[in-house]
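In: Dropping a prediction and its sequence here:
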Amino acid sequence: MREAPHDLSSSVYASIDMPFGLLYHQASSRAPRYGLSYMSTNDIPILVVDDAKFSSAIIAKALRNGGFGNVRFTNNPLQALRSLEKRPASIVIADWLMPSLDGTELARRIRKLDESQDRYTYIMLLTARDDFSAMQSAFDDGVDDFMNKANLRGQLLPRIIAAARITARHNELMQANRTLGRKIRDLQTTDLVDSVTGLGNMRFTLEQLDALVRDVDARGGAACLLLVGINNLDVISEQYDEVAVNELISGIAAKVRQLVRPLDLVTRPEPNLFAVVMRQDSIDNCTSTSFRRIFDNLYMHSFRTSEGFIPIVVGVSICAVDSSTGFPAGKLYFSAAYDALRQSFDTGLITVEQYAPKLG
C-alpha cells in the first residue's frame, strides 16, 4: 500500500516552538538562497501568525527555499504574544484579519512589548484588502509593511530580506544607543570621582558645598569646610614613580577618613588637596582646637608605600559659614578656604577663618 503524501498545510501547526528545520527537514540543499551580506538567513528569528492553512503553507515553502531556518508558526495571536515574551523575533508575519485579535491590535501589543524589551520587531501584515486609508491607520499602530496574499509567491522573499536588514540596523542602532548611554553615565560618574582614591573630585566637592550651605540656610547651624593640602607633593612626584605616589595618596585618604566623623564627607578636589565637608551645630565648633588631631596626625607623618616610607608636609585651613556670615556659593566658599590654606603653608599652623565676602 502506497504511503499517503505529506500534508504540508497541517504540519505547520505542529508547534509554535518547534524549529522550522524539524518541520521541513526534507528541504533541498539545492534550493536558491537570497543571502544577506552580514547575517545568515538561518539565524533570523521569524514568527508567522496566520489562521489560514493555505497561505501558511506558501509562506513556509518560500522561507524554506530562502534558507530561513529559525521560523515559528501559530494560528493564535495571543499565543504569538506569549511566545514573543519568551523568545523575541526579528520579523513577525501576521494575517490582518483574525478572529481573536486583528493584525493592527497585535502590532500595537508587539510595540509595547518591544518597548519593555528595548528592541525592535519588524511587523508585516498579510491582507487581501486594498484600502489605503486603513493601511495608513495601521502604519500609525506600528505596522511596517503589507503584503497582498495574491502576491505571496513572488514578493515574500525579497520583502523578508529587506525586513531582516531593516530590523538588524534598527537593533544595532538601539544597541549603540544603549552603549552610548552607559558610556555617558560612566563619564558622568568618572567626572565626579577621583580615580585614585574613589573620593569625589572638585566638581563633586562644589556640588556638596552648595547643598550643605542651602541646608544650613534652611535649618540653622553652620557649614564647615576643612582643607588638607600636601605641600611637598611635587617633590615627592619627582622622586618616586606613579605607583608609589598613588599608594601614598590612598594612604592619606584612608587616614583622613579615619580622623573625621562618619557623616563628614571627605573628597579630593585637586591632586595635592583633600577636603572635609561637614555640618556643625554652631560656628563656634569650627576652631583649630576641634580639628587639631587632623593636623597632628598628618604633619610630617610618613606613609608606607612599595618604595618605603614617604613623609608629607601638610597645611590645614578651616572656613566656616552661618547666618551671621551669609551663605556663599560653593565656588566662593571653596576659594576662601583655599586662601586660608596658603597662610597655613606659610606659617605651619592651622588657619581658621569665618567666611567674609571679598570687596571690590
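Out: Alright, I've got the coordinates.
In: Show me which residues of stretch 95-104 are buried.
Out: 95, 96, 98, 101, 102, 103, 104 (16 or more other Cβ atoms under 10 Å). No exception for glycine: its C-beta is placed from N, CA and C like everyone else's.
In: Next up, the contacts around the third one.
Out: By that I understand residue 98. 49, 50, 51, 75, 77, 106 (Cβ atoms under 8 Å, 6 or more residues apart in numbering).
In: Which residue is the nearest non-sequential neighbour of the last one?
Out: To tie it back to what came earlier, the one meant is residue 106. Closest residue to residue 106 apart from its sequence neighbours, by Cβ to Cβ, 6 or more residues apart in numbering: residue 77 at 4.8 Å.
In: The fourth one too?
Out: In space, residue 75 comes closest to residue 51 once its chain neighbours are excluded; the distance is 4.2 Å by Cβ to Cβ, 6+ apart.
In: contacting residues for the one you found?
Out: Contacts for residue 51 (Cβ under 8 Å, 6+ apart) come out as 75, 76, 95, 98, 99.
In: that older thread, from the contacts of residue 98, which is closest to residue 301?
Out: For those, the minimum distance to residue 301 (Cβ to Cβ) is 71.3 Å, reached by residue 106.
In: Which pair of the contacts of residue 51 spans the longest distance?
Out: Pairwise distances across those (Cβ to Cβ) peak at 11.4 Å, for the pair 76 and 95.
In: Keep only those of the buried residues of stretch 95-104 that are in strands.
Out: Mapping these onto strands (DSSP state E) picks out residue 95.
In: what about the nearest residue to residue 311 once chain neighbours are set aside, how many neighbours?
Out: Nearest residue to residue 311 in three dimensions, chain neighbours excluded: residue 302, at 4.4 Å (Cβ to Cβ, 6+ apart). Number of residues near residue 302 (other Cβ atoms under 10 Å) recorded here: 12.
In: Ramachandran angles for residue 302?
Out: Dihedral angles of residue 302 (phi, psi; degrees, to the nearest 10) stand at phi -100, psi 140.
In: Tell me which residue is most central in this structure.
Out: Centroid check for the chain by Cα atoms, centre = their mean gives residue 182 as the closest residue, at 3.3 Å.
In: What helix or strand is it located in?
Out: helix 152-190 (DSSP states H and E).
In: counting contacts, what elements does that helix pack onto?
Out: Packing partners of helix 152-190 (3 or more Cβ pairs under 8 Å, 6 or more residues apart in numbering; DSSP states H and E): helix 53-65, strand 91-95, strand 122-127, strand 145-148.
In: I'd say residue 62 and residue 153 touch.
Out: Yes. Assessed by Cβ atoms under 8 Å, residue 62 is found in contact with residue 153 at 6.7 Å.
In: Could you tell me which residues touch both of residue 76 and residue 95?
Out: Here residue 76 and residue 95 have 49, 51 as joint contacts, going by Cβ under 8 Å, 6+ apart.
In: Which phi and psi values does residue 200 adopt?
Out: phi -60, psi 150.
In: count of residues packed around it?
Out: For residue 200, using other Cβ under 10 Å, the count is 21.
In: OK, contacts around the closest residue to it other than its chain neighbours?
Out: Nearest non-adjacent residue to residue 200, counting by Cβ to Cβ, 6+ apart: residue 267, 4.0 Å away. Counting by Cβ under 8 Å, 6+ apart, residue 267 touches 194, 199, 200, 201, 204, 205, 208, 274, 275, 276, 277.
In: ok, what's across the strand from residue 267?
Out: Applying DSSP bridges to residue 267 gives these bridge partners: residue 200, residue 275.
In: Could you check how far it is from residue 40?
Out: According to Cβ to Cβ, to the nearest Å, residue 267 and residue 40 sit 53 Å apart.
In: Let me see the domain layout of the chain.
Out: By the record's domain assignment, the chain is partitioned as 8-187, 202-354 (automatic domain parsing).
In: for the shortest one, how far is the first residue from the last?
Out: Okay, so that is domain 202-354. 21 Å (Cα to Cα, to the nearest Å).
In: Could you single out the nearest of the contacts of residue 267 to residue 111?
Out: For those, with residue 111 as the reference and Cβ to Cβ as the criterion, the closest is residue 204, at 40.2 Å.
In: Just give the nearest non-adjacent residue to residue 217, would you?
Out: Residue 217's closest residue in space is residue 327 (Cβ to Cβ, 6+ apart), at 4.8 Å.
In: residues in contact with the one you found?
Out: 213, 214, 216, 217, 223, 321.
In: May I have the secondary structure class of residue 269?
Out: Following DSSP: H, G, I helix; E, B strand; the rest coil, the label given to residue 269 is strand.
In: Report the beta-bridge partners for residue 310.
Out: Beta-bridge partners for residue 310, by DSSP bridges, are residue 303.
In: OK, contacts around it?
Out: 236, 240, 244, 248, 302, 303.
In: By neighbours, which of the residues you listed wins?
Out: Tallying neighbours with other Cβ under 10 Å puts residue 248 at the head of the contacts of residue 310, with 25 neighbours.
In: That residue against residue 303, yeah?
Out: Yes. Counting by Cβ under 8 Å, residue 248 touches residue 303, with 5.2 Å between them.
In: Overlap in contacts, those two.
Out: Joint contacts of residue 248 and residue 303 (Cβ under 8 Å, 6+ apart) are 310, 312.
In: Summarise which helices and strands the host helix or strand of residue 317 is packed against.
Out: Secondary structure from DSSP H and E places residue 317 in strand 314-321. With contacts defined as 3+ Cβ pairs under 8 Å, 6+ apart, strand 314-321 has these neighbours: strand 222-230, helix 292-298, helix 330-347, strand 351-354.
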